[in-house]
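Novice: following is a predicted model, sequence given first.
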Amino acid sequence: MADYVQVDHKRIAELVEKEEKRLEDATPKSYELYKRAVKSMPMGVASTYQARDPYPMYFSHGKGSKIYSVDGQEISDFHNGFGCMVQGHAHPAIIEAVKKRCELGTQFALPTEDSIIMAEHLAKNFKLAKWRFVNSGSEATMDAMRVARAFTGRDTVMKIFGSYHGHHDYAMVSIGAVDYGAIGPRDNYASLPYGGGIPQAVVDMIIPVPFNDAPMMEARIEKLAAEGRLPACVIMEPAMMNLGVVLPEPGYLEAVREITKKHGIVLIFDEVKTGICTAAGGAVERWGVVPDMVTLAKALAGGLPSGAIGGSDEVMEVVNDGTVFQVGTYAGNPLSMAAARASMEEVMTPDAYKHLDYLNGRLIKECDAVAEKYNFPAYTVGIRSKGCVNFASGKITDYESFIKYQDHELVALAWLYNINRGVIIAPGREEEWTLSIQHTDEDIDRYVGAYEDLIRDVTV
């Protein structure tokens, strides 16, 4: 820590005030829309994750790597709908596929061929035989947990503390903690509701453990087994995407796969954020560890609402034989399936992934060079289209180290610096950047330029 320049948090507070005023001066139309919106929508937005204090920015359209605010700002989009838009905005192939499908009818709640074709693609890419479609990541994880419970005949679910798996009750547990002391000891993390309205009985059924610590996971499983509460499943992101990006340490995923097999526990990889964005076969392709189930959403259908659940023949038999009612009126919606097929077959090609590797490589190299230039406590983590800057002097490997090392005040200031310089990133520390295949060197230059402005101004 002593080797780095000292960060002046009084200076950060001054810069936050300055940059916030600059943003408010530039967004009068957003403010007018906000005043109108709060009369009919809580916080003036359709989802709490879109809210911002003192008011959110509103946007009109997007094209390629750019989005445009109602105040006329052109902004390089590194937010990309929390990672939904890895294909970029209004990609011609996806637009054409949706147009053609619209002319044939938009919804039947009956099977169409595109859903079969998509299931075949996903089975090949993720090495899991059977697939069902849903409309969101939340639906995907909710149904996957239910399938795992039916398959095992157990109720308890194990998850990673700090990971987000959607907004249904069984997922809204131990995502984070306002009082960090409430987390509890590492060998007995607390089950904490994430917001109100979640029954305590549900909270008690969810058991959190640390990421990148397979021995601790196994010890907790063995303790639960002794209590007669062996988990039905372990649901986890193979790379944590809710604390920026936290990659699995070498051998970790393989160890988790061994542990879950040993105890007869269904292993669910939540690839809502890693699937499609990091490889056609997601983390399964990248690290070669095949779980019992996979959940997908976000980037699957190029901006249309869609999700998927994949599983082995054995696990998915409880759906096939009617034990589990996995249902949804809009499941396999023709528009979403047409967009997903176009994305899979025409857009997310090997060359597209090579372009993402090039762009992410530039971001990582040049942001790290800026930190080194100013002797600043920060480092990057990236995986193809995903990445982040950690404002930290120590390595972040799980939620505890994230709390210990991450400078959360700098994270907030970084968002303001970016937006005022024509770049938008995800707020907070969910995901800092998601690239699209339509990003260019100009977009990377904007990002790195804004980042250097931030680091230079903080260290003056």
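Specialist: The structure has been received and is ready for your questions. Bear in mind that the values here come from a model prediction, so they are computed numbers and not experimental data.
Novice: quickly list the domain ranges of the protein.
Specialist: 9-86+351-383+420-459, 92-347 (automatic domain parsing).
Novice: tell me which of those domains sits most buried.
Specialist: Most buried of the domains of the chain, by mean neighbour count (mean count of other Cβ atoms under 10 Å): domain 92-347, with a mean of 20. Yep, even glycine has a C-beta here, placed from its N, CA and C like the rest.
Novice: what about that domain, distance to the chain center?
Specialist: In terms of Cα atoms, centre = their mean, to the nearest Å, the centre of domain 92-347 is found 12 Å from the chain centre.
Novice: where does the chain have low pLDDT?
Specialist: 1-2, 430-431 (pLDDT under 70).
Novice: residue 253 should be in a strand, yeah?
Specialist: No - using DSSP: H, G, I helix; E, B strand; the rest coil, the assignment for residue 253 is helix, not a strand.
Novice: that one and residue 233, how far apart?
Specialist: 16 Å (Cβ to Cβ, to the nearest Å).
Novice: likewise for residue 115?
Specialist: 25 Å.
Novice: check residue 37 too.
Specialist: Where residue 233 is concerned, residue 37 sits at a distance of 39 Å (Cβ to Cβ).
Novice: quick one: residues contacting the closest residue to residue 64 other than its chain neighbours.
Specialist: Among residues not flanking residue 64 along the chain, residue 438 sits closest, at 4.2 Å (Cβ to Cβ, 6 or more residues apart in numbering). Neighbour list for residue 438: 64, 65, 87, 88, 89, 91 [criterion: Cβ atoms under 8 Å, 6 or more residues apart in numbering].
Novice: do residue 127 as well
Specialist: Counting by Cβ under 8 Å, 6+ apart, residue 127 has contacts 281, 284, 290.
Novice: from those, pick the one nearest residue 300.
Specialist: Closest to residue 300 out of these is residue 281 (12.9 Å), distances taken as Cβ to Cβ.
Novice: surely the closest one touches residue 128?
Specialist: No - using Cβ atoms under 8 Å as the test, residue 281 is too far from residue 128 to be in contact (10.0 Å).
Novice: on that earlier part again, can the domains of the chain go into JSON lines with extra columns for distance to residue 390?
Specialist: As requested, those are arranged in JSON lines below (distance: least, Cβ to Cβ, whole Å):
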{"stretch": "domain 9-86+351-383+420-459", "distance to residue 390": "6"}
{"stretch": "domain 92-347", "distance to residue 390": "6"}
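Novice: which residue ranges of the stretch 151-300 of the chain form helices?
Specialist: With helices called from DSSP state H, counting those that start in this stretch, the stretch 151-300 of the chain shows them at 200-204, 214-226, 252-262, 282-287.
Novice: now the second one against helix 252-262, angle please.
Specialist: Interaxial angle of helix 214-226 relative to helix 252-262 (axes from the mean of the first three to the mean of the last three Cα atoms, to 10 degrees): 20 degrees.
Novice: can you say which helix or strand has the nearest residue to residue 428 once chain neighbours are set aside in it?
Specialist: Spatially, and ignoring its direct neighbours in sequence, residue 428 is nearest to residue 411 (6.7 Å; Cβ to Cβ, 6+ apart). Per DSSP states H and E, residue 411 falls inside helix 408-419.
Novice: hang on, the earlier thing: nearest to residue 358, of the helices of the stretch 151-300 of the chain?
Specialist: Minimum separation from residue 358 across the helices of the stretch 151-300 of the chain (Cβ to Cβ) falls at helix 282-287, 17.2 Å.
Novice: can I get the helices of the stretch 151-300 of the chain in a markdown table with distance to residue 388?
Specialist: Conversion of these to a markdown table gives the following (distance: least, Cβ to Cβ, whole Å):
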| stretch | distance to residue 388 |
| --- | --- |
| helix 200-204 | 29 |
| helix 214-226 | 24 |
| helix 252-262 | 19 |
| helix 282-287 | 17 |
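Novice: and the ones you listed: which comes nearest residue 315?
Specialist: Here helix 252-262 is closest among the helices of the stretch 151-300 of the chain (Cβ to Cβ), at 12.0 Å.
Novice: by contact count, what packs against that closest one?
Specialist: The contact analysis (3 or more Cβ pairs under 8 Å, 6 or more residues apart in numbering; DSSP states H and E) places helix 252-262 against helix 214-226, strand 233-236, strand 266-270.
Novice: listing partners with orientation, what would you give for the shortest one?
Specialist: Same thing as strand 233-236. strand 157-160 (parallel), strand 266-270 (parallel) (DSSP bridges).
Novice: residue 119 is nearest to which of those strands?
Specialist: The nearest among those, by Cβ to Cβ, is strand 266-270 at 17.5 Å.
Novice: thinking again about what came up before, residue 396: which of the domains of the chain is closest?
Specialist: Residue 396 lies closest to domain 92-347 among the domains of the chain, at 5.9 Å (Cβ to Cβ).
Novice: one step back: which one of the domains of the chain lies closest to residue 391?
Specialist: Here domain 9-86+351-383+420-459 is closest among those (Cβ to Cβ), at 5.1 Å.
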